[in-house]
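S.K.: here is a sequence with its predicted model. Questions after.
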Amino acid sequence: MRSFLALLKSNRQFASGVVLLALVAAFACLSFFSPYPPNDSFVVAPDVPPSAEYWFGTTSRGQELFWLLTFAIRNTLVFGIVVAVLSRLLALLVGLVAGYAGGWIDRLLMSINDTFIVIPLFPILVLFYFVLKDHMSWGLLALMMACLGWSYDARLIRSVALSLRHREFTETGIFSGMSTRQILVEEHLPYVLPIVFSTTMNNINWSIGLEVTLSVLGFTDINTPTIGVMIYWANQHTALVAGIWWWIFFPVLLVVMTFIGLFLLAVSMNEYIDPRSRLGRSER
Amino acid sequence: MSVLAVDGLRAYYRTSALGVSRDVRAVDGISFTVEAGEIYGLAGESSSGKTTLIKTIAAATQPPLEVVAGTITFNFPTGPIEMQRADRRSLAPIRWRHLSYIMQGSMSVLNPVRRIRHAFVDFAFRHIGQPKSQFFDTVRAHLARLRLEPDVLDAYPHQLSGGMRQRVTIALATVCRPEFIIADEPTTALDVVVQKDVLAMIREIQRELGSSILFVTHDMAVHANLADRLGIMYGGRLVEEGRTADLFRSPRHPYTAHLIASLPRVGDTAPKAGLSGAPPNLADPPAGCRFHPRCPRASEICRREVPPLEPLATGHRVACFHPEPA
């Protein structure tokens, strides 16, 4: 905790990332205090520009943008985190096992892995939408993207695990009778965690970006408010043509804040987690 | 009874690629014993099979390395165990508790992203049979024996100096008071001053625990300081074995003789004669004695037949048809 505060002071990238994400997260938490359920429409006067009464204005569907946006950003963030966590678990499992086991296990896992790398994601996701139509839900999309988003990282983790396999601490571990699971979890996992942490941020960014793209085009469950779905509805009501700029501006502003915050964390996180570079800095 | 008896051991790296199978005969017919409380030094140049031999002895073999013939028997207080056919389950109670291993390049035995205390927990805790709190008391007492502060436990490996790291790895290997310690070049990466300290410490710990050590290095000076008995390996075979003093004073095998003659001595300014040629290719070793292409004393029989390792004097065995005069 003390090193967290020290980092906040010394590393400007980290500090701005934390501040941006804290703002976004605080905003998402406000959804629990919303006076309206997210899917109710025509609860306020439509098309009111931002004012003292309605801070972010209201939509053409008669929703107050401020409260709607709290739900949207919450769903978007949770979506990104769920995808990142699930795909990280897959990537760690595949990468560590493939790198450690080697031989045919490695070849099998990596051929599956490479298949996922070359699959074009966007058409597949659109295809799934057309197959599932109304069954398409938020959770299902998260699961699908997690299943599609682990492969690059699994390769990265495998490449590290390959070199760890032949380090003396691995061989000493084997010699002292540690099981394969213990070696992977206790010796190798801490070593790859910094890499995983920094790619987690990138993965959240990636999944939010893809979700927004799909939603804007209407290829997701359009009844759960997310940032993408909000933009979708704004487009449906030709908000920009009608001059309702705030309907597009605030969701985009919020998602850009999220992106920049996550990116800054990703670049500064590595330094924080790796004990060697942390020490190098504190001695300076 | 000997703590370790190796008999007729052959361990080959067996590979087959594209239908061509290839045996690298890294250990080819080695027999020797190590007595209780003894430091047995194993010397030889690179690619002479030292590391392969001790990996086999420790049952740390992985494909393509496999034991083709021979036996490796440890006689521990818990009973004898034959390493070449022991499985995971029968090895588990032996490891670390009775037999421990200081790996080659032991500077990196410690995981760089974990604190030292985790290394002790990961490698030694499950073997020592003590509850956690008592275990750390034991570890701290043991570290003190190696003149290390107890707070190294909370350090990361990169925060320690090379010599300290080396002492930590020695502490790791000896904390369970094993009867037998295999040390593979534990001092190679250190400068001579630190090396001297570390060797003295190994000796001290060994005397205190009464363990046997199988000590491997190509550094003859280290052997001269540490080993009670010395075995010289060449091309996957043991070519000479004897008490360290005897070996240094009157080497009988031509290879050993050249090895000893090549060591610098104080006041000796004569240029050192080198041997021509290179160590044999163990995938396709020369017939007969493996040293004969480089040997100045080689004759017809050396090209045809393998010289047996036979005693020339008490406790001094040589594998040569034409040994150097004593």
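M.R.: Nice, thanks for sending it over.
S.K.: what sits up against the host helix or strand of A:L240?
M.R.: Using DSSP states H and E, A:L240 sits in helix A:239-242. For helix A:239-242, the external contacting residues (Cβ atoms under 8 Å, 6 or more residues apart in numbering or on different chains) are A:D47, A:T59, A:S60, A:A234, A:W245, A:W247, A:I248. Where C-beta positions appear, they are placed from N, C-alpha and C, glycine not excepted.
S.K.: now the second one: closest residue in space, sequence neighbours ignored.
M.R.: What that stands for is A:T59. Spatial nearest neighbour of A:T59, chain neighbours left out: A:W247 (5.3 Å); criterion: Cβ to Cβ, 6 or more residues apart in numbering or on different chains.
S.K.: contacting residues around that neighbour?
M.R.: Contacts of A:W247 (Cβ under 8 Å, 6+ apart): A:G57, A:T59, A:S60, A:L65, A:M230, A:A234, A:H237, A:A239.
S.K.: and of these, the nearest to A:S111?
M.R.: A:M230 (40.6 Å; Cβ to Cβ).
S.K.: hang on, B:V113 packs against A:V192?
M.R.: No: judged on Cβ atoms under 8 Å, B:V113 makes no contact with A:V192 at a distance of 9.3 Å.
S.K.: next SSE after the helix or strand hosting A:L214?
M.R.: A:L214 is part of helix A:189-216 when elements are defined by DSSP H and E. Downstream of helix A:189-216, the next assigned helix or strand under DSSP H and E is helix A:227-236.
S.K.: and that next one, how far from the chain's centre?
M.R.: Its chain's C-alpha centre and that of helix A:227-236 lie 20 Å apart, by Cα atoms, centre = their mean, to the nearest Å.
S.K.: next: stretch A:106-113.
M.R.: Worked out by Cα atoms, centre = their mean, stretch A:106-113 lies 25 Å from the chain centre.
S.K.: what residues does it touch?
M.R.: With contact meaning Cβ under 8 Å, 6+ apart, stretch A:106-113 is reached by A:V94, A:V97, A:A98, A:G99, A:S151, A:A154, A:R155, A:R158.
S.K.: restricting to those residues, which residues neighbour chain B?
M.R.: Among these, none lies close to chain B by the criterion of Cβ under 8 Å from any Cβ of the partner chain.
S.K.: shaky segments in chain B?
M.R.: The model of chain B has pLDDT under 70 over residues B:104-107.
S.K.: I meant to write chain A there.
M.R.: Within chain A, the stretches with pLDDT under 70 are A:1-3, A:7, A:270-284.
S.K.: tell me the contacts of the residue nearest the centre of it?
M.R.: The centre of chain A sits closest to A:I204, judged by Cα atoms, centre = their mean, with a distance of 1.5 Å. A:I204 sits next to A:G80, A:I81, A:V83, A:A84, A:L262 when contact means Cβ under 8 Å, 6+ apart.
S.K.: and the strands in chain B?
M.R.: Here chain B has its strands, by DSSP state E, at B:4-17, B:20-34, B:39-43, B:65-76, B:79-82, B:99-102, B:180-184, B:212-216, B:229-234, B:237-243, B:310-313, B:316-318.
S.K.: may I see the buried residues of the second one?
M.R.: If I follow you right, that is strand B:20-34. Judged by neighbour count (16 or more other Cβ atoms under 10 Å in any protein chain shown), strand B:20-34 contains these buried residues: B:D23, B:V24, B:R25, B:A26, B:V27, B:D28, B:G29, B:I30, B:F32, B:T33, B:V34.
S.K.: mind putting the residues you listed into TSV with distance to chain A?
M.R.: Listed next are the buried residues of strand B:20-34 as TSV, based on distance: Cβ to the nearest Cβ, whole Å:
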residue	distance to chain A
B:D23	20
B:V24	18
B:R25	23
B:A26	17
B:V27	18
B:D28	24
B:G29	25
B:I30	21
B:F32	22
B:T33	23
B:V34	18
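S.K.: chain B: which of the contacts of A:W247 is nearest?
M.R.: The closest of the contacts of A:W247 to chain B turns out to be A:M230 (Cβ to the nearest Cβ; 42.3 Å).
S.K.: so what's the spatially closest residue to that closest one that is not a sequence neighbour up against?
M.R.: Leaving aside its chain neighbours, A:M230 sits nearest to A:P251 (4.6 Å; criterion: Cβ to Cβ, 6+ apart). Contact analysis of A:P251 by Cβ under 8 Å, 6+ apart lists A:L69, A:A72, A:I227, A:M230, A:I231, A:A234.
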